[in-house]
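**Q** got a sequence here, can you model it:
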Amino acid sequence: MTTSIKGPFDGRKWAFFGAALALLLAAANLRGGLVVVGPLVADIRAGLSLSASEFSLLTTLPLICFSLVSICVPRLARLVRAPVLVTGALLLIAAGAGLRATSFYSLMLAGTLLLGSAIALLNVLIPGLVKGYFPRQAGLMTGLYSVTLSLGAGLGVFLAVPLRDAFSAWQAPVLLWALLPLICALCWLGMLRIRSREMAPGTAGRISLWRDARAWNLTVFMGLQSLFFYSIATWLPKILMDAGLEDQQAGLATSMINLAGIPANLMVPIIAARMQDQRPLVLLVLVLGVTGLTGLWLNPTAAPLFWASLLGLSGSASLSLALALFALRTRSGLEATSLSAMAQSLGYLLAAAGPVVVGGLNDLQGSWGSALLLLIAAQVIQFGCGWHASRPGFVTPDQQRGQGAPGASEPRPHCCDCSAVAQALSRFRLSNSDFLTNT
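**A** As a prediction, the model looks like this:
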């Protein structure tokens with residue numbers, strides 16, 4: 001998908017690569033500090049004498065923070081420059097991860113709140129930054145961002161048990177994710193000089209999408225894919241260990257959720273950016289996810305790495321597709337940030353129920369069958385919402401409804417039809433200059 005909108009780094013090769021590196025380093029810290037506790041569940045519960053419900057708060061509270069904080073990010077971004085927000089968020093991630101490495105449950109909860117709030121801030125900001133900083137490379141940058149995010153999560157799970165064994169303490173792998181954000185924050189110090197007119201504070205008023213059906217479908221799609229990821233990341237080690245695998249084998253299989261999904265993370269946004277209609281990708285997500293869950297339900301020990309890889313491909317494809325749609329179904333970085341905030345605030349509120357409900361069903365029935373069937377049903381609903389959200393067209397801000405805003409529902413031109421793109425953008429600029437302040 002081509003665009004004539006210029007980014008702040010066009011024609012500045014080294015500044016472009018520096019900004020891309022800073023963005024990817026920020027993305028590397030978005031999952032590792034959260035998922036690292038999954039393989040350490042037995043050690044943490046034994047060391048702190050925690051019940052299952054008390055431990056569940058360590059995985060559920062971040063999702064609640066995602067929901068509550070995400071909705072506030074667009075307003076915060078109108079008051080504070082984005083590089084300042086990103087730098088501050090990285091420092092909060094370091095502080096939160098450090099508190100989660102203590103042996104006091106109350107401090108771990110406080111650290112979890114800090115960690116979840118800071119990650120929520122970055123979750124919402126980064127899609128808008130991709131749209132605002134790299135408008136010509138939105139598909140590629142979304143793919144690289146998704147790959148980096150999954151690499152961080154995969155390494156968090158993969159290194160958890162070896163680091164625990166090497167240092168004879170479950171705190172060692174948790175502390176790793178308190179040090180990395182500090183290093184990454186140094187790269188953002190140089191970004192403080194970067195100014196983008198579109199992403200600058202006060203460049204536009206509030207953008208609301210609460211009356212847009214496409215935005216609502218993308219919100220549910222985002223929520224259900226997050227519910228799927230956090231449910232599987234939390235309980236897959238226990239599912240496999242209950243089936244007879246050793247903890248190291250279960251940890252290796254769980255790491256495949258993220259590592260096997262790397263190709264999907266990279267390619268799905270690039271492919272999606274070249275398509276008018278992304279519905280075939282939504283169908284692919286459904287087939288991969290249902291196949292992996294069915295195999296895990298019927299015979300988890302037959303091919304645990306294969307089932308986990310299918311789940312990873314499905315989860316990574318759905319996440320990167322959702323992130324790509326934030327850019328592909330909006331016309332500016334400000335709209336992308338607003339759509340990201342809406343989808344992630346309500347979506348993560350829905351996702352927060354996933355680990356609790358899945359664990360609760362296992363406690364009630366003493367098996368994982370019903371929980372896995374519930375996740376299969378959620379995949380089907382996710383497919384329906386994604387089918388609608390990925391159709392050609394754009395979201396329409398509430399402020400434009402009833403004004404006959406041109407281009408609100410017209411499909412995207414084909415990626416090779418450059419003249420059609422130019423005409424559509426030209427019509428849009430004439431009537432929507434408040435939202436395209438960078439042109």
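
**Q** and residue 241, helix, strand or coil?
**A** Three-state assignment for residue 241 (DSSP: H, G, I helix; E, B strand; the rest coil): helix.

**Q** and it, how many neighbours?
**A** By other Cβ atoms under 10 Å, 16 other residues sit near residue 241. Every residue, glycine included, has its C-beta placed from N, CA and C.

**Q** where's it relative to residue 137, distance?
**A** The gap separating residue 241 from residue 137 is 43 Å, by Cβ to Cβ, to the nearest Å.

**Q** same question for residue 340.
**A** Relative to residue 137, residue 340 is positioned 18 Å away (Cβ to Cβ).

**Q** counting neighbours, go ahead and name the busier of those two.
**A** Neighbour totals were compared for residue 340 and residue 137, and residue 340 leads with 29 against 19 (other Cβ under 10 Å).

**Q** show me what contacts that one?
**A** Taking Cβ atoms under 8 Å, 6 or more residues apart in numbering as the criterion, residue 340 is in contact with 70, 123, 124, 127, 128, 326.

**Q** so where does it fall, helix or strand?
**A** Applying DSSP states H and E as the criterion places residue 340 in helix 333-351.

**Q** before we move on, what about residue 53?
**A** Secondary structure from DSSP H and E places residue 53 in helix 52-70.

**Q** list of residues touching the next helix or strand after that helix?
**A** Following the chain from helix 52-70 toward its C-terminal end, the next helix or strand by DSSP H and E is helix 73-77. Residues lying outside helix 73-77 but in contact with it, judged by Cβ under 8 Å, 6+ apart, are 85, 120-121, 124-125, 128, 199, 201, 206-207, 334, 337-338, 341.

**Q** selecting buried members of those residues in PyMOL, what would you type?
**A** With 16 or more other Cβ atoms under 10 Å as the criterion, this PyMOL line picks the buried residues out of these:
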select buried, resi 85+120+121+124+125+128+199+207+334+337+338+341
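
**Q** let's have the contacts of helix 73-77 in CSV, adding pLDDT and secondary structure.
**A** What follows is the contacts of helix 73-77, written out as CSV (pLDDT from 0 to 100; DSSP: H, G, I helix; E, B strand; the rest coil):
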residue, pLDDT, secondary structure
85, 93, helix
120, 91, helix
121, 93, helix
124, 89, helix
125, 89, helix
128, 82, helix
199, 50, coil
201, 52, coil
206, 73, coil
207, 82, coil
334, 79, helix
337, 83, helix
338, 88, helix
341, 88, helix
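
**Q** from the contacts of helix 73-77, which single one is nearest residue 295?
**A** Taking Cβ to Cβ as the measure, residue 295 lies nearest residue 120 of these, at 32.9 Å.

**Q** contacts only, for that closest one.
**A** For residue 120, the contacting residues are 65, 66, 67, 68, 69, 70, 73, 344, 348, taking Cβ under 8 Å, 6+ apart as the criterion.

**Q** from those, list the buried ones, please.
**A** Among the contacts of residue 120, those buried by neighbour count (16+ other Cβ under 10 Å) are 65, 66, 67, 69, 70, 73, 344, 348.

**Q** isn't residue 261 right up against residue 321?
**A** No. In this structure, residue 261 sits apart from residue 321 without contact. The criterion is Cβ atoms under 8 Å, and the distance is 11.9 Å.

**Q** circling back to that earlier point, reformat the contacts of helix 73-77 as JSON lines; add distance to residue 251.
**A** Shown next, in JSON lines, are these (distance: Cβ to Cβ, whole Å):
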{"residue": "85", "distance to residue 251": "34"}
{"residue": "120", "distance to residue 251": "27"}
{"residue": "121", "distance to residue 251": "29"}
{"residue": "124", "distance to residue 251": "31"}
{"residue": "125", "distance to residue 251": "31"}
{"residue": "128", "distance to residue 251": "35"}
{"residue": "199", "distance to residue 251": "40"}
{"residue": "201", "distance to residue 251": "44"}
{"residue": "206", "distance to residue 251": "45"}
{"residue": "207", "distance to residue 251": "43"}
{"residue": "334", "distance to residue 251": "42"}
{"residue": "337", "distance to residue 251": "36"}
{"residue": "338", "distance to residue 251": "38"}
{"residue": "341", "distance to residue 251": "34"}
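
**Q** of all the contacts of helix 73-77, which comes closest to residue 148?
**A** Of all the contacts of helix 73-77, the one with the least separation from residue 148 (Cβ to Cβ) is residue 125, at 15.0 Å.

**Q** okay, helices next: where are they in the stretch 1-150 of the chain?
**A** Listed in chain order, the helices found in the stretch 1-150 of the chain under DSSP state H, counting those that start in this stretch are 13-27, 32-35, 41-48, 52-70, 73-77, 82-100, 105-133, 138-158.

**Q** highest mean neighbour count out of the ones you listed?
**A** helix 32-35 (a mean of 28; mean count of other Cβ atoms under 10 Å).

**Q** identify the residues contacting the helix or strand containing residue 258?
**A** If you go by DSSP H and E, residue 258 is part of helix 247-259. Contacts of helix 247-259 from elsewhere in the structure, counted by Cβ under 8 Å, 6+ apart, are 31, 35, 38-39, 42, 150-151, 153-154, 157-158, 160-161, 229, 232-233, 236-238, 240-241, 245, 304-305, 307-309, 311-312, 315-316.

**Q** quick one: the next helix or strand after it to helix 138-158, angle?
**A** Following helix 247-259 in sequence order, the next helix or strand is helix 262-273 (DSSP H and E). Interaxial angle, helix 262-273 versus helix 138-158 (axes from the mean of the first three to the mean of the last three Cα atoms, to 10 degrees): 160 degrees.

**Q** thinking again about what came up before, let me know the closest of the buried ones among the contacts of residue 120 to residue 275.
**A** Of all the buried ones among the contacts of residue 120, the one sitting nearest residue 275 is residue 344; the distance, using Cβ to Cβ, is 23.5 Å.
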